[in-house]
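**Q** Could you work out the structure for the sequence below:
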Amino acid sequence: MSSTPIELGPIYRFPPGTDGSGQSIAIIELGGGFAQAELSTYFTSLGITGPTVTAVGVDGAKNQPGKDPAGAGGEVLPDIQVAGALSPGSAMVVYFA
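**A** Here you go, the predicted structure:
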(Lines give C-alpha, C1' and ligand atoms only; values in the text may rest on other atoms or scores of the structure.)
Protein backbone atom coordinates (compact mmCIF):
# COMPACT_ATOMS: atom_id res chain seq x y z
CA MET A 1 0.00 0.00 0.00
CA SER A 2 1.40 3.39 -0.94
CA SER A 3 0.82 6.73 0.75
CA THR A 4 0.01 10.04 -0.89
CA PRO A 5 2.02 13.23 -0.36
CA ILE A 6 -0.94 14.60 1.62
CA GLU A 7 -0.69 11.65 4.04
CA LEU A 8 3.10 11.96 4.32
CA GLY A 9 3.19 15.75 4.79
CA PRO A 10 2.57 15.62 8.57
CA ILE A 11 5.20 12.90 9.03
CA TYR A 12 7.79 15.20 7.48
CA ARG A 13 6.42 18.14 9.51
CA PHE A 14 5.13 20.02 6.48
CA PRO A 15 3.44 23.12 7.94
CA PRO A 16 -0.23 22.31 8.63
CA GLY A 17 -2.92 24.60 7.32
CA THR A 18 -0.83 25.87 4.41
CA ASP A 19 -1.60 25.40 0.74
CA GLY A 20 1.02 27.53 -1.00
CA SER A 21 -1.38 30.36 -1.84
CA GLY A 22 0.53 33.40 -3.03
CA GLN A 23 3.73 31.39 -3.48
CA SER A 24 5.61 30.26 -6.57
CA ILE A 25 7.49 27.00 -6.91
CA ALA A 26 10.15 26.47 -9.56
CA ILE A 27 11.22 22.99 -10.64
CA ILE A 28 14.10 22.29 -13.03
CA GLU A 29 13.75 19.21 -15.24
CA LEU A 30 16.43 17.87 -17.55
CA GLY A 31 14.22 15.98 -19.95
CA GLY A 32 10.78 14.49 -20.30
CA GLY A 33 7.59 16.36 -19.70
CA PHE A 34 4.06 16.36 -18.39
CA ALA A 35 0.56 16.46 -19.82
CA GLN A 36 -1.96 18.65 -18.04
CA ALA A 37 -4.58 15.89 -18.30
CA GLU A 38 -2.34 13.53 -16.29
CA LEU A 39 -1.86 16.15 -13.59
CA SER A 40 -5.58 16.89 -13.45
CA THR A 41 -6.40 13.19 -13.09
CA TYR A 42 -3.89 12.78 -10.27
CA PHE A 43 -4.99 15.82 -8.27
CA THR A 44 -8.66 14.91 -8.75
CA SER A 45 -7.91 11.44 -7.35
CA LEU A 46 -6.60 13.18 -4.20
CA GLY A 47 -9.76 15.27 -3.96
CA ILE A 48 -7.95 18.56 -4.59
CA THR A 49 -7.55 21.11 -7.33
CA GLY A 50 -3.87 21.20 -8.23
CA PRO A 51 -1.68 24.23 -8.75
CA THR A 52 -1.37 26.21 -11.93
CA VAL A 53 1.57 24.61 -13.75
CA THR A 54 3.44 26.40 -16.53
CA ALA A 55 6.18 24.84 -18.67
CA VAL A 56 9.10 27.03 -19.73
CA GLY A 57 11.76 25.88 -22.19
CA VAL A 58 15.35 26.98 -21.69
CA ASP A 59 17.87 27.11 -24.53
CA GLY A 60 15.70 25.11 -26.93
CA ALA A 61 14.51 22.45 -24.46
CA LYS A 62 10.78 21.91 -24.12
CA ASN A 63 8.08 19.97 -22.34
CA GLN A 64 7.91 16.55 -24.03
CA PRO A 65 5.26 14.39 -22.31
CA GLY A 66 5.54 10.64 -22.75
CA LYS A 67 9.11 10.72 -24.01
CA ASP A 68 11.52 8.40 -22.20
CA PRO A 69 9.26 7.36 -19.27
CA ALA A 70 11.99 5.04 -17.95
CA GLY A 71 14.51 7.91 -17.87
CA ALA A 72 14.28 11.60 -17.04
CA GLY A 73 10.69 11.70 -18.24
CA GLY A 74 9.67 9.33 -15.47
CA GLU A 75 10.70 11.87 -12.85
CA VAL A 76 8.79 14.90 -14.10
CA LEU A 77 5.26 13.88 -13.06
CA PRO A 78 6.20 12.73 -9.53
CA ASP A 79 8.13 15.97 -8.92
CA ILE A 80 5.11 18.06 -9.87
CA GLN A 81 2.64 15.76 -8.11
CA VAL A 82 4.42 15.83 -4.74
CA ALA A 83 5.00 19.59 -4.72
CA GLY A 84 1.50 20.26 -6.05
CA ALA A 85 -0.27 17.97 -3.60
CA LEU A 86 1.31 19.80 -0.67
CA SER A 87 0.97 23.27 -2.23
CA PRO A 88 -2.13 23.20 -4.43
CA GLY A 89 -2.65 26.94 -4.13
CA SER A 90 0.78 27.76 -5.52
CA ALA A 91 1.81 28.81 -8.99
CA MET A 92 4.32 26.30 -10.31
CA VAL A 93 6.81 26.86 -13.12
CA VAL A 94 8.61 23.85 -14.55
CA TYR A 95 11.77 24.79 -16.43
CA PHE A 96 12.98 22.32 -19.04
CA ALA A 97 16.69 22.55 -19.80
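
**Q** Flag every buried residue along the longest helix belonging to the chain.
**A** With DSSP state H setting the assignment, residue counts place helix 73-86 as the longest helix in the chain. Within helix 73-86, the residues that qualify as buried by neighbour count (16 or more other CB atoms under 10 Å) are 73, 76-77, 79-81, 83-86. Bear in mind the C-beta positions are built from the backbone N, C-alpha and C, glycine included.

**Q** Which one of those residues is nearest to Leu46?
**A** Set against Leu46, the nearest of those by CB to CB is Ala85 (5.9 Å).

**Q** Now the closest residue to the closest one other than its chain neighbours: phi and psi?
**A** Using CB to CB, 6 or more residues apart in numbering and skipping residues adjacent in sequence, the residue nearest Ala85 is Pro5, 3.8 Å away. Comment: the main-chain dihedrals of Pro5 come out as phi -60, psi -40, following degrees, to the nearest 10.

**Q** Surely Pro5 touches Ile80?
**A** No. Between Pro5 and Ile80 no contact is recorded; they are 10.9 Å apart, counting by CB atoms under 8 Å.
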